[in-house]
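J.: When you get a sec, could you give me coordinates for this:
(2 chains)
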Number of protein chains: 2
Amino acid sequence: MTSSEKYSRMANAIRFLSMDAVEKANSGHPGLPLGAADVATVLFSRYLKFDPKNPLWPDRDRFVLSAGHGSMLLYSLLYLTGYEDMTIEDIKQFRQLGSKTAGHPEYGHASGIETTTGPLGQGVANAVGMAIAEKKLEQEFGSDLQSHFTYALVGDGCLMEGISQEAIALAGHLKLNKLVVFWDNNSITIDGAVSLSDSTDQIARFKAVHWNTIEVDGHDQDAIAAAIEQAHKSDRPTFIACKTIIGFGAPNKQGTHKVHGNPLGAEEIAAARKHLNWDAEAFSVPADVLDAWREAGQRSAGARKAWEDRLAAAPADIRAEFVRRFAGDLPEGFDAAIDAFKKKVAENNPTVATRKASEDVLEVINGLLPETLGGSADLTPSNNTKTSQMHSISPTDFSGRYMHWGIREHATAAAINGIALHGGLIPYSGGFLIFSDYCRPSVRLAALMGIRVVHVWTHDSIGVGEDGPTHQPVEHLASLRAIPGLLLFRPADETETAESWQLALNNKHRPSGLALTRQNLTPVRKTYEQKNLTAQGAYELVSAADAKVSIFASGSEVELAVKAAETLSAKGVATRVVSVPCVELFFEQSDEYRKSVIGTAPVKIAVEAAVREGWDAFIGSDGVFVGMKSFGASGPAKDLFKHFGITVDAVVAAAEAKL
Amino acid sequence: MTSSEKYSRMANAIRFLSMDAVEKANSGHPGLPLGAADVATVLFSRYLKFDPKNPLWPDRDRFVLSAGHGSMLLYSLLYLTGYEDMTIEDIKQFRQLGSKTAGHPEYGHASGIETTTGPLGQGVANAVGMAIAEKKLEQEFGSDLQSHFTYALVGDGCLMEGISQEAIALAGHLKLNKLVVFWDNNSITIDGAVSLSDSTDQIARFKAVHWNTIEVDGHDQDAIAAAIEQAHKSDRPTFIACKTIIGFGAPNKQGTHKVHGNPLGAEEIAAARKHLNWDAEAFSVPADVLDAWREAGQRSAGARKAWEDRLAAAPADIRAEFVRRFAGDLPEGFDAAIDAFKKKVAENNPTVATRKASEDVLEVINGLLPETLGGSADLTPSNNTKTSQMHSISPTDFSGRYMHWGIREHATAAAINGIALHGGLIPYSGGFLIFSDYCRPSVRLAALMGIRVVHVWTHDSIGVGEDGPTHQPVEHLASLRAIPGLLLFRPADETETAESWQLALNNKHRPSGLALTRQNLTPVRKTYEQKNLTAQGAYELVSAADAKVSIFASGSEVELAVKAAETLSAKGVATRVVSVPCVELFFEQSDEYRKSVIGTAPVKIAVEAAVREGWDAFIGSDGVFVGMKSFGASGPAKDLFKHFGITVDAVVAAAEAKL
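T.: Next up, the predicted model:
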C-alpha cells in the first residue's frame, strides 16, 4: 500500500464511522465528516501536536470544529487516534441521551473536545481567543513552555455569520500567525447551493484583513499538507480554502444538500462501501487502518515528554506558577486581599458609581493576579476596565494585559470563551449592558460549558440618561437571569461590587456578569463584615421587628429602598429591606434561608429600574413592583427616574396604598 | 460668494447647530456631525430626493444615519431643509426628556427619521432591507411609482460590528445598485485610534463582496458629488469611503477621540467660530445659509408632484393597491379567510407540528396578501416558511417573494426591519428559536420602533431532540417575553397558530414572534369558534366547577396539561386548564379578566418546556412549575421530555403532592 493509499483509507475510516453512526442514530450530519475527512486526516495524522494519553497537556495544539454539526468528524478522530474515553461503543451511542457523543460537540463530555460548537461562527472566534492566549502565554512563559498552533475548521455558515468577520478582522490585526483556519468549501447550505444567498470572494475577504491565504483541493492530501507547512511559516494567520465535495464518497448524493443533515440511508451507504472499496462492517475499522491511526495518535508523545522535561527543569517558582495558572487556582491571599479592600471601603464609604467601584476592586485583583486579561469593546473610558497594571496588547507586543477588542461585542465574548478554555488566563470583557444582546449567543455557551469568564457590563439602566432607549437596558437583567448557570451580579455599592468580583473569580466553573451603574451611588453597606453577603444572592440589609413591608431591590435601587424604609419606619410602618445582588445565587440557597429572607410582611415591594419579569418569585403576583413597564427615554438620568416613577416617594406611596 | 463657499457655509451651519446643541445639553457626540457635514451637505443639497413638506412620499430616497450617535447631523439637516416638525426650539431641546431630538434618532419622534439607530451596524442592515424593498416594489409596480435610492452613513463602529458583514455580503450578492453607503472614515474610536483594534482594508473588503467602491476626501464637496454621480450609474451597490477629520472645524480638538462623545466646551466652540469664520450666534443660522438650505429642501418638490400625477394616472386598481400597501392596511377579507381556515381545521383536527400549521396558515395568507415577503436564514425546509405562491428572489429576478437570507440571522432581522420601515411590504423571517439570540438587537429595535415584522421561530424547545443543548432554547421564551412591546406567540395547535398569525398581521405597530414546534402536536381546540381566543393572551381551555387545580401551559405543553387534567378529574380532582399562547397580551387584559383566568384553585401549576422565569406571575411563588431547570441534552425528543420530567405523570404527581 502506498502512503497515499494509506492516508486515503484513514480518511475513509472517518467517513464510514460517521455515516454508520448517523445511520444508527437516524439523525445527524454526514455531509461535513465525509467532505472534510481528507483535511482532518492530514491535520491529525501528520501535523496536529496532541497526545490522546495526556489530553490536557497545556502545550498541545488546539483543534476547534467550528462547524459543530459535523461532530462525527471529531468523534471519529478521537476514537481513531486513541483517546481512551472515546470507545466504539460511544460512537454507537451517537446522539443518544447521556452519551458523550452528543449531536454537537459538548465541552466536558469527552477529552479532546476543546469547546462546545454548533451555533455557527462561535468556534472560529473561540479559536481566535485561544491563539491570543497562546501568544500571550508564550510571551510570558517563553516558548519552551508555550508554543503551539490553533486550528479551526469552518463551514460556509461560520463564514456567513457576522461574528466571523469580527473574529478574523481582529486576528488579522493582531497578526496571530499561529492560527490556521480551514474552510470546508463545499458550496452547499441547507437551502441548496451557497449561490442562492452568497457570492463572497472569501480569499479576497480574508486578504482584506491581512491573512495569509491558500487555496487547495480539499481531497488532495499532499496539497493540504503543503498548505499547512506554508501556514506554519507565515507571519500572519492563515486561511486555507479547501474545495471539497460535501458527502464525498456517497456516490449518488454527494455534492448536494441532501447529505448535509440527513442519514444517507442503508442503500447509499452500501453504495459508498462499494464506491470507496471499503469492505469492513459497520462500526468496524480494518486493523491496518486502526493501527495507522493509533500510531498517528502517538506521534507527539515524545514532544509531550520533552515538554514535561522542560517544565520540570524550569525554575521552581515559574513551574509552580505555570501549573497553578493552568489548574485555574487563584493565588494564595486572594480572599484576604478582597477582605482588606472591603475594610478600606468601610472606612471611607465612598459615593461612587459601581463601574468605578469595579475599577477599584480590579486595581487590587490585577495587582495580585497576573492571569487576568482585561479588555473592552471600545468603551474603555466608560467601562473602567483598564487598571494601572495593564498596558495594551498590540500586534507587535503581547506583554500587555489589556485588549482593545474594537466594536465587536460578539467576537469579544466568544474570544474570551476561547481564552478561558485555553487555560492559563482569566479573561474579563468590558461593554455596555445594553450590548450584552450583541454577544448573547457566546454568553450562553460560556454558561453551557461552565467556564470562568467575567463580563463587565456598565451603564445598566435608564441611569444611562441622555443616550436614550437604544442604550438603556430594561429587559436585560431579566433576560440574562434566564440563562441557566450564569451568575448575574448587580451590586448596590462598592462593598457589594467587591463581593461580586470575589464570587465571580472563585467560581471556577461558571461565567459571571456584573451589571454596573454609570451614576454615583450612596453606599448601603457601611460597616465591615468579613462574610461575603452577596454569596447568598439576597440578604436582609435593613431589618425590622414585625415588619409590615418588605422591600426587595438590586443595584442602584437599593439606596432608594433604604430611604423609603426610613421614611416608612419614621411614619410608624415597620419596614425591612432586602438587597438582591444575585438572583441566581439566592435561588440556590436552602428553602429555610430563602423563606427567612422573603419573610412574612404583608406588603412586598420590589424595586428595580427594569422590567418586572422574575420579581414575582420574591413578591408574588400580588406584590407591588416599582420599575419599568416600557423602554426608557432620552433625558438626564434624574429626570428619567422621576418620569418613570422610580423614586423614594413612589415606593413609599405604593407601600401606603397597599397597606 | 462662490458656489463652493456657499456649500461650505451650508456645511458649517450643520457644524454649529450640532456643537451648540451638544454644548447646551452638556451631552452628545459632536465628532461625527462636524466630520461628516460636508458629505451630508452634498447629499442633502444636491442629490437626495425628498420633500420636507411630504415626508412620507413613498418614492422618496431613504437616508439612514447608521452611526446614530451623530444624531445632531440628522436633526440639523431636518431643521435646515425645512421639515415643519423640526424647529430651532427642538434643536435646543436636544437630549431633553420628551423632546423629539433624542440622544439617538428615534423613529416616530419626527418626520425624516427613517429608522431608530444607535446600536452600531443596525442602520446599514436596515438600509439593505430598504433597498431590497425598493427593488421588489419597482419590479411589482414599475419605476413610475417606485424608483429611489437608499443612502446610509456609517462609521467605523458600524463596519466593525459583524452584522455589517452579513448585510454587505447580502447586498453585494443581490446587486442592490440603488444602495449607496458613505463611510465616515475618521480613523478614531472611543478608545483612541482605530489602529488600536483594527487594520481592515475596507475597500478590499467591500470589493470582496462585489461592491462598487470609491475613495474620496470627505471634505472635498465636488469630489463627493462626483462619487455620488458615479454611484448612480453603478450596477452594484456603492461604498464611498470618505476620509474625514472627526470634529472638523474645532481647531484644537479635531482629529482626536476627545471630540467623539463629549461637548467641545465654550472655549473650543469660540475657537471654532473664529476658525471657520462663523459669526452667527448660537442656534442662529445666517439668512443666506438658511435660504440656501430651504431652497435645497424644495429641490424635489417638482419630482414629487410629477410622481403624484403618475400615481393619479395609474389604473384605479393599481393605484388603490399601491395606496393600501403603503398605508399598511390588510386587504378586505383577511379576517374572513383566517376564519374559513379555522373552520376547515376544526373539521379535520390534524395532528401536526405548529411549524407545519404555520405553513398551512401562510398558504392562505400568502394567497391573499401579495405584500408578504417571506424568507429564512437558510432553514427553509425546517421553518416551513416557503409556500406555493413564493419563488425565490435572485440577483437578477426580484419577481419572487422569498428571500434566501443565508446564515445571517442578525442582518435578516435588521433587514426586515428596513423592509417594514420602507413600507409596501410585510416581511417575515424564518429561523430556529435558539438563534433569536443572534438577532436580538434587531428584534429589540423593532419593538422600540413599533413596526410590523414577524419572526417565524421554529424548533422551540427540547423537542428539537438530538441536536442537543446548543440548539434547544430553554431561556428564550422568558427572554423574548421580557422585551417591551414584542408579541411572542407560542400556539398549542393549528387553530392557535392561525389565531397567532391573525394577530401578528393585524397588529400594525408591533413586531411578533411565533415560537413553533418541530414535533407533532395533538389539537387542543377541536371545535370552531369565530372569536380569536389567542387575542386575550390566555384563556380557559378546560373548565371545572370548583376547581382544586389550575394548570397553565403554552404551546406543546398544552396537550400534556389537558391529559393531566383528564387524569386528575377522573380521580375526582376537579382540574381546569388555561392555555397561554401570548403572555404579553394576557397582561394587557382587564384586571377582572386576568383574575378570572388565573382563578382561585388552591393548587396552581405551570407547564412549559423552558425556564420558570415569568410564570410566578400566574402561579405565585408557591405555585408548582413543571419545566426546565437547566440546559437540555442531546437525545430523541421523547426521551428528553421524560428525562427532564415534563410529562403527564409528572404534572399529575405534582398536583397530588401539593393537594
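
J.: going forward, measure contacts and count neighbours with C-alpha atoms only.
T.: Fine.

J.: wait, what's in contact with the spatially closest residue to residue A:162 that is not a sequence neighbour?
T.: Spatial nearest neighbour of residue A:162, chain neighbours left out: residue B:162 (3.7 Å); criterion: CA to CA, 6 or more residues apart in numbering or on different chains. Residues near residue B:162 by CA atoms under 8 Å, 6 or more residues apart in numbering or on different chains: A:161-166, A:408, A:410, B:121.

J.: wait, does the lengthiest helix in chain A make contact with chain B?
T.: Ranked by number of residues, the top helix in chain A under DSSP state H is helix A:3-25. No: counting by CA under 8 Å from any CA of the partner chain, chain B has no neighbours in helix A:3-25; the shortest distance is 8.8 Å.

J.: Among the contacts of residue B:162, which lie within helices?
T.: Going by DSSP H, the helices hold A:162-166, A:410 from the contacts of residue B:162.

J.: Highest neighbour count among those?
T.: Among the ones in helices among the contacts of residue B:162, the one with the most neighbours (other CA atoms under 10 Å in any protein chain shown) is residue A:163, at 35 neighbours.

J.: State which one residue of the stretch 551-659 of chain A is found closest to chain B.
T.: Among all residues of the stretch 551-659 of chain A, residue A:635 sits closest to chain B, at 4.3 Å; criterion: CA to the nearest CA.

J.: what does chain A give?
T.: Counting by CA to the nearest CA, chain A gets nearest chain B through residue A:162, at 3.7 Å.

J.: Check what pLDDT that residue gets.
T.: Looking at residue A:162, its pLDDT is 98.

J.: Quick check: residues of the stretch 201-350 of chain A near chain B?
T.: A:201-202, A:204-205, A:207-210.

J.: Buried members of those into PyMOL, please.
T.: Buried residues within these, by 16 or more other CA atoms under 10 Å in any protein chain shown, are selected in PyMOL with:
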select buried, chain A and resi 202+204+205+207+208+209+210
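
J.: Now for the residues of the stretch 201-350 of chain A next to chain B: which two are most distant?
T.: A:201 and A:210 (14.5 Å; CA to CA).

J.: that older thread, from residue A:160, how far out is the residue nearest to residue A:162?
T.: Applying CA to CA, to the nearest Å, the value for residue B:162 to residue A:160 is 10 Å.

J.: Tell me which helix or strand residue A:600 sits in.
T.: Assigned by DSSP states H and E, residue A:600 belongs to no helix or strand.

J.: cool, and residue A:513?
T.: Using DSSP H and E, residue A:513 sits in strand A:512-515.

J.: looking only at pLDDT, what's the mean for that strand?
T.: Regarding strand A:512-515, the rounded mean pLDDT is 98.

J.: With only the CA atoms kept, save it in CSV.
T.: Extracted in CSV, the C-alpha atoms of strand A:512-515 (Å, rounded to 0.1, in the frame of the first residue of the first chain):
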residue,chain,number,x,y,z
SER,A,512,-20.4,35.9,35.6
GLY,A,513,-21.7,39.2,34.5
LEU,A,514,-21.5,42.4,36.5
ALA,A,515,-24.2,44.9,35.9
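
J.: before we move on, the earlier item: now the two most distant members of the ones in helices among the contacts of residue B:162.
T.: The span of the ones in helices among the contacts of residue B:162, defined through CA to CA, is set by A:165 and A:410 at 10.2 Å.

J.: Tell me where the stretch 151-300 of chain A has strands.
T.: Per DSSP state E, counting those that start in this stretch, the stretch 151-300 of chain A carries strands over the ranges A:179-185, A:188-189, A:192-193, A:212-217, A:238-243.

J.: can you list those strands in JSON lines and add mean neighbour count and mean pLDDT?
T.: Converted to JSON lines, those look like this (neighbours: other CA atoms under 10 Å in any protein chain shown; pLDDT from 0 to 100):
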{"stretch": "strand A:179-185", "mean neighbour count": "26", "mean pLDDT": "98"}
{"stretch": "strand A:188-189", "mean neighbour count": "24", "mean pLDDT": "94"}
{"stretch": "strand A:192-193", "mean neighbour count": "16", "mean pLDDT": "94"}
{"stretch": "strand A:212-217", "mean neighbour count": "19", "mean pLDDT": "98"}
{"stretch": "strand A:238-243", "mean neighbour count": "25", "mean pLDDT": "98"}
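
J.: Just the buried positions in the helix or strand harbouring residue A:302, please.
T.: Counting by DSSP H and E, the element that carries residue A:302 is helix A:301-313. Residues of helix A:301-313 classed as buried: A:301, A:303-304, A:307-308, A:311 (neighbour count, 16+ other CA under 10 Å).

J.: ok so residue A:566 is a helix residue?
T.: Yes: counting by DSSP: H, G, I helix; E, B strand; the rest coil, residue A:566 is part of a helix.

J.: That one - nearest residue in space that isn't next to it in sequence?
T.: Going by CA to CA, 6+ apart, residue A:566 has residue A:575 as its nearest residue, at 7.8 Å.

J.: Model confidence score at that neighbour, please.
T.: Value for residue A:575, per-residue pLDDT: 98.

J.: my guess is it meets residue A:567, correct?
T.: No: Residue A:575 lies out of contact with residue A:567 (CA atoms under 8 Å); the separation is 9.2 Å.

J.: and the two? which has more neighbours close in?
T.: Regarding residue A:575 and residue A:567, a neighbour count based on other CA under 10 Å identifies residue A:575 as having more, with 28 against 18.

J.: Across the sheet, point out what pairs with the more buried one.
T.: When assigned by DSSP bridges, residue A:575 has beta-bridge partners residue A:549.

J.: and if you look at residue A:242?
T.: Residues in beta-bridge contact with residue A:242 (DSSP bridges): residue A:184, residue A:216.

J.: Is it in contact with residue A:184, as I believe?
T.: Yes: the pair residue A:242 / residue A:184 is scored as a contact, 5.5 Å apart, by CA under 8 Å.

J.: got any residues that touch both of the two?
T.: Shared contacts of residue A:242 and residue A:184, counting by CA under 8 Å, 6+ apart, come down to residue A:218.
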